[in-house]
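In: sequence and computational prediction follow.
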Amino acid sequence: MKFAHIADCHLGCWRDADINKLSMDNFENIIIDCINEKVDFIIIAGDIFETSYPPLAILTSAAKIFRKLKDAKIPVYVISGSHDSSPTDNTILNVFTEAGLLLNVMKASWDKNGKINLVFTEDPKTKIKITGILGRKRGLEASIYEDLERKSLENEPGFKIFLLHTAISELKPKYYKEESSPQSLIPQNFQYYAAGHIHQVIPSFEINEEKILKSEILYPGPTFPTDFEEMEKNIGGGYFIVEPINSKVKVNWRKSINYKVISFKFDAENKNLAQVTKELDKFIKENDFNDKIVTIRIFGELKSGNTIDLNLNEYISQMREKGAKSVLKNTIKFSSKDFEIGRPPVGNSREEIEQIFFKENLNTGIVSDWTEQMEMKIAKEILKKISISKDMGEKVKDYDAKISNSLLSLFGLKKEWEEFDDN
């Protein structure tokens with residue numbers, strides 16, 4: 001008895017068509033490996049797609065891949081993640097479920113006390129019981145855990161798997177600055193916790209390393225790098241093969257990516273343009289680019305010369321001529337004293353970017369007695385309130401009213417609005 005644990009595929013996340021194809025090809029290779037491995041089923045712990053409604057070409061390719069599993073009689077149990085879920089619960093995953101290609105294991109009902117009761121999906125072949133909770137943007141799925149009726153879940157007999165798409169505070173890496181939830185929110189007494197959302201293998205595994213574990217929360221990392229930094233650091237490209245052994249599991253992490261990445265990284269601070277081009281010429285001369293992905297990152301402020309005079313496309317063409325699969329560039333932090341175009345705020349996390357954006361655009365003077373700190377606080381509150389997700393089964397009309405009432409309450413206008421509406 002064995003199954004595969006996959007997460008964070010983010011199919012369609014790249015603007016570069018070549019990289020998107022590599023990502024899809026890599027996902028197909030994982031699925032073919034699972035078929036050859038003769039797994040009993042596959043779990044995908046959220047974010048199969050980059051968005052809730054991906055482009056048609058991405059959907060077509062994914063459907064063909066999932067069809068291979070259906071033909072092999074290997075079921076795929078999933079939850080939606082923070083990227084491919086939506087406030088209205090209408091996502092393309094519903095179509096894949098109705099087509100019999102996927103099985104969404106987040107099935108719930110509400111009792112008279114407002115508690116959420118999850119329903120197990122039992123795999124017909126192994127009799128393993130599976131359930132889970134979807135992920136939502138900004139960690140808003142935490143409210144579902146808070147309303148969860150845990151006793152029946154924890155007392156259910158048999159081998160159980162819980163799927164989650166949530167960053168756990170006690171497990172997240174130091175660099176991870178986004179929302180997280182304490183491990184105490186997760187129901188107990190499951191033999192395996194299949195997690196997604198954090199783009200790192202947790203706990204750490206070497207390639208093909210096996211570990212015997214019991215009731216631990218595991219993140220396999222993304223199946224493919226999802227942004228420039230992950231590509232530059234060669235993050236991603238793996239999944240778990242899991243074999244239940246009584247109340248424990250034998251876990252093996254498989255590496256799926258077989259390409260190589262070459263990175264050019266240059267600090268242009270107080271340099272001139274000639275020094276940048278000299279390093280690029282040297283990089284092209286000294287490296288073999290055949291069948292490799294290349295990343296180019298240039299940052300810092302030139303002391304002389306203009307950034308617009310650096311013709312990176314010419315260098316990219318040379319790398320492609322030498323056989324590069326694809327070339328990605330990042331010059332967002334590259335600037336010059338002689339010439340500067342207004343740029344979007346740059347930060348290491350979404351929260352930092354928001355902070356910079358608010359700081360640059362607030363203090364408008366619209367409300368004369370508001371300080372910058374007050375404006376910043378209110379702007380963050382507005383952003384938080386309009387990010388509230390739609391609850392399962394909630395009508396659109398009720399959802400809209402919930403958002404409106406939340407904003408009116410923020411400004412102390414709810415009573416006035418009700419009086420106006422009555423008139």
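Out: That came in fine, so what should we check first?
In: once you drop chain neighbours, what's closest to Phe120?
Out: Among residues not flanking Phe120 along the chain, Lys129 sits closest, at 4.2 Å (Cβ to Cβ, 6 or more residues apart in numbering). No exception for glycine: its C-beta is placed from N, CA and C like everyone else's.
In: the one you found: what's it in contact with?
Out: Counting by Cβ atoms under 8 Å, 6 or more residues apart in numbering, Lys129 makes contact with 120-123, 156, 158-161.
In: out of those, which are buried?
Out: Listed as buried from the contacts of Lys129 are 120-121, 123, 159-161; burial here means 16 or more other Cβ atoms under 10 Å.
In: now Lys68: how far from Lys38?
Out: According to Cβ to Cβ, to the nearest Å, Lys68 stands 14 Å off from Lys38.
In: ok, those two, which is more surrounded?
Out: Comparing Lys68 with Lys38 by other Cβ atoms under 10 Å, the one with more neighbours is Lys68, at 14 against 9.
In: picking up where we left off before, closest one of the buried ones among the contacts of Lys129 to Gly238?
Out: Ile161 (19.1 Å; Cβ to Cβ).
In: quickly run through the sheet partners of the host helix or strand of that closest one, with directions.
Out: In this assignment (DSSP states H and E), Ile161 forms part of strand 160-165. When sheet partners are counted by DSSP bridges, strand 160-165 sits next to strand 129-133 (parallel), strand 192-196 (parallel).
In: can you give me the mean pLDDT across the first one?
Out: When pLDDT is averaged over strand 129-133, the result is 96.
In: distance between the next helix or strand along the chain from that strand and the chain's centre?
Out: As assigned by DSSP H and E, the chain's next helix or strand after strand 129-133 is helix 142-146. Relative to its chain's centre, helix 142-146 lies at 19 Å (Cα atoms, centre = their mean, to the nearest Å).
In: re earlier: contacts for the strand holding Ile161?
Out: In contact with strand 160-165 (Cβ under 8 Å, 6+ apart) are residues 7, 43, 45-47, 77-82, 105-106, 120, 128-135, 141, 186-187, 189-197, 217.
In: got it, and stretch 307-316?
Out: Contacts to stretch 307-316, defined as Cβ under 8 Å, 6+ apart, come from residues 273, 276-277, 280, 284, 296, 298, 327, 329, 331, 334-336, 339.
In: mind checking the SS state of Ile235?
Out: Here Ile235 is recorded as coil under DSSP: H, G, I helix; E, B strand; the rest coil.
In: that one: what's it in contact with?
Out: Contacts for Ile235 (Cβ under 8 Å, 6+ apart) come out as 199-200, 221-222, 225, 229.
In: over to Val76?
Out: 41-44, 66, 69, 101-103.
In: same question for Lys292.
Out: When contacts are counted by Cβ under 8 Å, 6+ apart, Lys292 touches 259-262, 323-325.
In: mean confidence score for the strand holding Ile161?
Out: On average, strand 160-165 scores 96.
In: related to what we said a few turns ago, most packed of the strands paired with strand 160-165?
Out: Stretch with highest mean neighbour count among the strands paired with strand 160-165: strand 192-196 (a mean of 27; mean count of other Cβ atoms under 10 Å).
In: and the pLDDT at Pro157?
Out: Looking at Pro157, its pLDDT is 95.
In: what's the neighbour count on it?
Out: 7.
In: can you list contacts of the top helix by length along the chain?
Out: Longest helix in the chain by number of residues, with DSSP state H as the criterion: helix 17-37. Residues outside helix 17-37 that contact it (Cβ under 8 Å, 6+ apart): 2, 4, 6, 9-14, 42, 58, 61-62, 65-66, 68-69, 72, 74, 223-224, 231, 237, 239, 241, 254, 256-257, 259, 293, 325-326, 328.
In: 7 Å instead?
Out: 4, 6, 9, 11-12, 14, 42, 61, 65, 68-69, 72, 74, 223-224, 237, 239, 241, 254, 256-257, 325-326 (Cβ atoms under 7 Å, 6 or more residues apart in numbering).
In: quick one: contacts for the closest residue to Gly221 other than its chain neighbours?
Out: Spatial nearest neighbour of Gly221, excluding adjacent residues (Cβ to Cβ, 6+ apart): Val201 at 4.5 Å. Taking Cβ under 7 Å, 6+ apart, we find Val201 in contact with 219-221, 238, 253.
In: before we move on, what about Asn208?
Out: By Cβ under 7 Å, 6+ apart, Asn208 lies in contact with 252, 254.
In: where does it land in three-state SS?
Out: Asn208 is classified as coil under three-state DSSP.
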